[in-house]
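# predicted structure and sequence below. I'll ask about it afterward.
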Amino acid sequence: MPDILTYYLNKIQKLRIDRAHGKPALHKPILLLAVLDLIEQGAITENKISPSPQLVDAYMRYASRIGLIPPRPFLPFNHLKSSGFWHLHAKKDQETVFAAINQYKSMPQLAQVVAYASLDEDLFILYLKPETREIIRQTLIKTYFGNQSELVQAVVSENRQINNLEEMLIKQAEQKMLIRQKEIPETPLRSAAFRSVIMKLYDYTCAACCLRIITLNGTSAVDAAHIIPFSESHDDGIGNGLALCKLHHWAFDIGIIALDDRYKIMVSSAFEESGSKEMVIKSLRGKEIILPPQKPFFPSLHSIHWHRSHKFQN
């Protein structure tokens, strides 16, 4: 009887990969890599892998880099059942629907029915241990990515750097300290860390209108916005961030909405609009935005004051 690690490495090397179009569809190994990353980052701490925007983000970093078109994370989340070590669990009161569905058409549909996936307990323990986690990661890369292995290794490295930068941004906010520019150099990875931490803190939801749209592929309609534009402040701190949908990000940037010191929305009178009552920007006047769960991560009053003084159209 082979040892547990060898047993699961053999299973991982024999995933059923769709080759109907000549080129293998690598959705399954990419999803397993994404799960490895989230465990390494501490985002998954128990054997419950939810079909969340955070998982989709981790999946999309690999899919976009290797040119997986179209990226469809709901496919491997469902079809990894054939591996024998990946198990789906229905949401409460969705058991009948769960039992009747064999194929999901989108991540939102899957998330409506499926509460989480779990790994075999022995495999999850291997995922938790750094040394065996790395062996599993390198086995996936070597087995499925061939001449793209350097690209995949680069994503692994970038994800680690982004996670380190996120931890620095969180520490900065919690301790209310200033981090010198040279400590968090201005790079695309820093921008990625800013986006990632803001999206998580606001649960991929617009702070102004509470819109939370997850597309077919699981991507979000919400942006991580800078309160003081980065070009002005070079500040990717959490206090200079806000999650806003496309419309309200635009409205905030051009100054037709702003925030008062109680985190209530101010709306300019210097524009005209028409449309349904629920959609018009003026309906936001006086509404308190949604805020992160902890006060250290609230938008800073300094940034809010700057935006009101320099951007808001009274």
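Everything's here; your move.
# helices and strands of this protein: which one bottoms out on pLDDT?
helix 230-233 (a mean of 88; mean pLDDT, DSSP states H and E).
# now that helix, how far from the centre of its chain.
24 Å (CA atoms, centre = their mean, to the nearest Å).
# strands of the stretch 151-300 of the chain, start to end?
When assigned using DSSP state E, counting those that start in this stretch, the strands of the stretch 151-300 of the chain occupy the ranges 222-226, 241-245, 257-259, 265-267.
# hey, which of the ones you listed is tucked in deepest?
Neighbour counts (mean count of other CB atoms under 10 Å) averaged over each of the strands of the stretch 151-300 of the chain peak at strand 241-245, with a mean of 26. (Each C-beta comes from the backbone N, C-alpha and C, glycine too.)
# CA atoms of that strand as CSV?
Taking C-alpha atoms only, strand 241-245 is exported to CSV below (Å, rounded to 0.1, in the frame of the first residue of the first chain):
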residue,chain,number,x,y,z
GLY,A,241,-9.7,52.8,-0.7
LEU,A,242,-13.3,52.2,-1.3
ALA,A,243,-15.2,49.5,-3.2
LEU,A,244,-17.5,51.1,-5.8
CYS,A,245,-19.5,49.8,-8.8
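# next one: the residue nearest to Pro229 when sequence neighbours are not counted from Ala221, what distance?
Excluding its sequence neighbours, the residue lying closest to Pro229 (CB to CB, 6 or more residues apart in numbering) is Asp253, at 7.5 Å. Per CB to CB, to the nearest Å, Asp253 is found 16 Å from Ala221.
# who has more neighbours, the two?
Ranked by neighbour count (other CB atoms under 10 Å), Asp253 and Ala221 place Asp253 first, with 17 against 14.
# mind listing what's buried in stretch 122-137?
By 16 or more other CB atoms under 10 Å, the buried positions in stretch 122-137 come out as Leu123, Phe124, Leu126, Tyr127, Thr132, Arg133, Ile136, Arg137.
# from the residues you listed, which land in helices?
Leu123, Phe124, Leu126, Tyr127, Thr132, Arg133, Ile136, Arg137 (DSSP state H).
# report the rounded mean pLDDT for stretch 263-282.
What stretch 263-282 shows for mean pLDDT is 90.
# what's the answer for stretch 126-143, then?
Per-residue pLDDT over stretch 126-143 has a mean of 97.
# please state the offset of that stretch from the chain centre?
Remark: stretch 126-143 is offset 22 Å from the chain centroid, using CA atoms, centre = their mean.
# show me what it is in contact with.
4-5, 8-9, 12-13, 29, 32-33, 35-36, 39-40, 119, 149, 152-153, 156 (CB atoms under 8 Å, 6 or more residues apart in numbering).
# now swap in stretch 205-213 and tell me
203-204, 220-222, 242-245, 247-248, 252, 257, 265, 284, 287, 289-291.
# now the helices: where do they sit in the stretch 201-314 of the chain?
230-233, 246-254, 301-310 (DSSP state H, counting those that start in this stretch).
# residue ranges for the helices of the stretch 1-150 of the chain, please.
Along the stretch 1-150 of the chain, counting by DSSP H, counting those that start in this stretch, helices occupy 4-12, 27-40, 53-66, 74-79, 95-100, 107-113, 121-128, 130-144, 149-175.
# out of those helices, which gets nearest to Glu278?
Of all these, helix 107-113 sits nearest to Glu278, with 20.9 Å by CB to CB.
# check the offset of the closest one from the chain's centre.
With CA atoms, centre = their mean as the basis, helix 107-113 stands 16 Å off its chain's centre.
# and if you look at stretch 11-25?
Distance, stretch centre to chain centre, for stretch 11-25: 26 Å (CA atoms, centre = their mean).
# list the contacts of it.
Outside of stretch 11-25, the residues within contact range by CB under 8 Å, 6+ apart are 26-29, 32, 68, 79-80, 82-85, 136, 139-140, 143-144.
# ok, and for that stretch, which residues are buried?
Residues of stretch 11-25 classed as buried by neighbour count (16+ other CB under 10 Å): Ile12, Leu15, Pro24, Ala25.
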